[in-house]
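A.B. asks: Fold the following.
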Amino acid sequence: MRSVVVTGVSSGIGFALSKELVAHNIRVFGSVRNVNDAARVGAELGPLFVPLIFDITDENAVKDAVQRVREQLQGEMLWGLVNNAGIAVVGPLMETSLDEIRRQLEVNVIGQIQVTQAFLPLLGADGTLTGNPGKIINIGSVSGKICRPFFGPYSISKYGIEAFSDTLRIELMIFGIDVVLIRPGMIDTPIWFKNEMQTNEEMFNQSVYAKSLHILKRYINSKVTKSALPARKVGVLAYKILSNPHPKTTYVLVPHYFSDWIVPRILPKRFLNKKIAKGLGFLKRN
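C.D. replies: Numbering: from 1, shown residues only. Coordinates of the predicted model:
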């Protein structure tokens, strides 16, 4: 039986991705944060879903999960590892606490590295398991290439995942393990409405950026409603990557490829910066 580990499956991309894999008769070992989420997701996805209760920043819990997966694999390799779990800290870089920025990097970068190191033996680095080496899929973001104001901590973390993926792809060739990066744009998931993504208006109500943050909040709510892609599309793409013996190194998944991906990367940066600043009402203070 083909088996894949997916982190962060309680909702959003992780849940939709796991649902797609299970539909193709693939066993999914999915990480959740608590027993309630484990029971709920298990009831929805059925017997091919095996919950793993751990936080990706908890080293001991991750190691315990690896041991549980190893026992159930019974000598076989994992077909894949999908590093999906993550958070989004939103706020002006110079007004966001260092503790919040550390939390962003701890989850979105260090956590991904920790999980990958721990599961690497089960993907083919062990040398004692049967089967072909597995693939690693990292869920990045277009924000790892295109920065927007107030998403600085998140973009920094996703730039890190770009470097992590590109470096790891070369280093793991020695084991025959491939690494693929998916860069989603705006996907219709609960992350946009969780506390991490909701502007804390009390925290920044005295900020010079207060009005701009309110404009951003309205813009996000409107975009999610009108044009965000369904999370299932990430799951469909992930399955295609795992099934393809020669996938591309990176995939971009955005609602409007030309305007959401091509244009922001070819326009002169200062021109683009000024357009964004104008849209958010940034004014130079005298």
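
A.B. asks: Low-confidence stretches in the protein?
C.D. replies: Within the chain, the ranges that satisfy pLDDT under 70 run 191-203, 283, 285-286.

A.B. asks: Strands of that one, start to end?
C.D. replies: Listed in chain order, the strands of the chain (DSSP state E) span residues 3-6, 27-32, 49-53, 80-83, 135-139, 178-184, 187-188, 229-230, 250-253.

A.B. asks: now, of these, which is deepest in the fold?
C.D. replies: strand 80-83 (a mean of 27; mean count of other CB atoms under 10 Å). From N, CA and C alone the C-beta is placed, and that goes for glycine too.

A.B. asks: which neighbours does it have in its sheet, and in what orientation?
C.D. replies: strand 3-6 (parallel), strand 135-139 (parallel) (DSSP bridges).

A.B. asks: these two touch, right, residue 138 and residue 164?
C.D. replies: Yes - counting by CB atoms under 8 Å, residue 164 is a contact partner of residue 138 at 6.9 Å.

A.B. asks: List the residues that are in contact with both of these two.
C.D. replies: Counting by CB atoms under 8 Å, 6 or more residues apart in numbering, the shared contacts of residue 138 and residue 164 are residue 112.

A.B. asks: ok, back up a step: wait, which of the strands paired with strand 80-83 is closest to residue 102?
C.D. replies: Residue 102 lies closest to strand 135-139 among these, at 20.8 Å (CB to CB).

A.B. asks: That closest one to strand 178-184, inter-axis angle?
C.D. replies: 20 degrees (axes from the mean of the first three to the mean of the last three CA atoms, to 10 degrees).

A.B. asks: who touches residue 171 in this structure?
C.D. replies: For residue 171, no contacting residues are found, by CB under 8 Å, 6+ apart.

A.B. asks: Now do the buried residues in stretch 275-286.
C.D. replies: By 16 or more other CB atoms under 10 Å, the buried positions in stretch 275-286 come out as 280, 282.

A.B. asks: for stretch 69-82, same thing?
C.D. replies: For stretch 69-82, the neighbour count (16+ other CB under 10 Å) marks 69, 70, 73, 77, 78, 79, 80, 81, 82 as buried.

A.B. asks: And the contacts of stretch 242-258?
C.D. replies: By CB under 8 Å, 6+ apart, the surrounding residues in contact with stretch 242-258 are 4, 79-80, 135, 137, 142, 165-166, 169, 178-187, 227-229, 233-234, 237, 240-241, 260-261.

A.B. asks: thinking again about what came up before, any chance of JSON lines for the buried residues of stretch 69-82, columns distance to residue 34?
C.D. replies: As requested, the buried residues of stretch 69-82 are exported to JSON lines (distance: CB to CB, whole Å):
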{"residue": "69", "distance to residue 34": "19"}
{"residue": "70", "distance to residue 34": "23"}
{"residue": "73", "distance to residue 34": "25"}
{"residue": "77", "distance to residue 34": "29"}
{"residue": "78", "distance to residue 34": "24"}
{"residue": "79", "distance to residue 34": "27"}
{"residue": "80", "distance to residue 34": "25"}
{"residue": "81", "distance to residue 34": "22"}
{"residue": "82", "distance to residue 34": "20"}
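
A.B. asks: In those, find the pair that's most separated.
C.D. replies: The most widely separated members of these are 70 and 82, with 17.9 Å between them, by CB to CB.

A.B. asks: Leaving out chain neighbours, which residue sits closest to residue 168?
C.D. replies: Once flanking residues are discounted, residue 168 sits nearest to residue 179: 4.8 Å by CB to CB, 6 or more residues apart in numbering.

A.B. asks: all helices for the stretch 1-150 of the chain, in order.
C.D. replies: Counting by DSSP state H, counting those that start in this stretch, the stretch 1-150 of the chain has helices at residues 12-23, 35-45, 59-73, 98-105, 111-120.

A.B. asks: need the contact list for residue 144.
C.D. replies: By CB under 8 Å, 6+ apart, residue 144 lies in contact with 155, 158, 159, 161, 162, 183.

A.B. asks: now residue 225
C.D. replies: Going by CB under 8 Å, 6+ apart, the list of residues near residue 225 is empty.

A.B. asks: So what pairs up with the nearest residue to residue 165 once chain neighbours are set aside in the strands?
C.D. replies: Distances taken as CB to CB, 6+ apart place residue 181 nearest to residue 165, at 4.3 Å, with adjacent residues excluded. Counting by DSSP bridges, residue 181 is bridged to residue 138, residue 250.

A.B. asks: Residue 181 is in contact with residue 140, isn't it?
C.D. replies: Yes - using CB under 8 Å, residue 181 is in contact with residue 140, at 5.0 Å.
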